[in-house]
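Asker: My questions are about this predicted structure, shown below with the sequence.
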Amino acid sequence: MSNSTSTEPVVRAVPAGTGEHHHFLDHLATVKVRSSDLSSGTNVVEFTAPRGFGPPLHAHAEEDEIMIVSDGDIRLRSGDVESLVSAGDVAVLPVGIPHTFQVESDSARFTTISSGRDTQPSFDTFVSTLGRPIDDPTTIEAEGIDPAHVSTVCAAHGIEVLGPPPGPLA
């Protein structure tokens, strides 16, 4: 028996290459699942970033983050601990723990799954707010990054900026 007016959750697939594409900190971010899609607030964002990209040292006030690397090599840093994560690897970034990372390969593709928000807007909302929607996800040109604006948007989304991004790679 089928009920077309059912309010039951619906299983859905998000095909490769689809989602809400954003020019985000001079790389591509694609929101695949919004926190509003699930009662748990879990969200999924896929990134494609060039060599040398890395966010400022930061900590999330309310969300755990899981990073799944699909392609490339990324150096994670948390305190004095560094780890190289590569295609097929999963990194766990617990809430409240300061971290940063840097793409060491020519480029990297990775997906973050975030959950656990309570009062702060979620990570997918942060990406949409800081990023600029784009239709063509194949070409991302560097436009420059305003650190003060980044810090302001981070603070409004429960992310505390604690230091600069990683320095240039040799």
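Answerer: The structure has been received and is ready for your questions.

Asker: so where do the helices sit in the protein?
Answerer: Assigned by DSSP state H, the helices in the chain fall at 123-130, 147-156.

Asker: In the last one, which residues are buried?
Answerer: This means helix 147-156. Under the neighbour-count criterion of 16 or more other CB atoms under 10 Å, helix 147-156 has 150, 153, 154 buried. Any C-beta I mention is one placed from the backbone N, CA and C, and that applies to glycine too.

Asker: Closest one to residue 167 out of the residues you listed, please.
Answerer: In terms of CB to CB, no member of the buried residues of helix 147-156 lies closer to residue 167 than residue 150, at 16.8 Å.

Asker: State the distance from that closest one to residue 144.
Answerer: To residue 144, residue 150 is 11 Å away according to CB to CB, to the nearest Å.

Asker: cool, residue 61 as well?
Answerer: From residue 61 across to residue 144, the span is 27 Å (CB to CB).

Asker: Tell me where the protein is predicted with low confidence.
Answerer: For the chain, the stretches with pLDDT under 70 are 1-9.

Asker: picking up where we left off before, residue 61 and residue 144: which is more packed in?
Answerer: More crowded of residue 61 and residue 144, by other CB atoms under 10 Å: residue 61, with 16 against 5.
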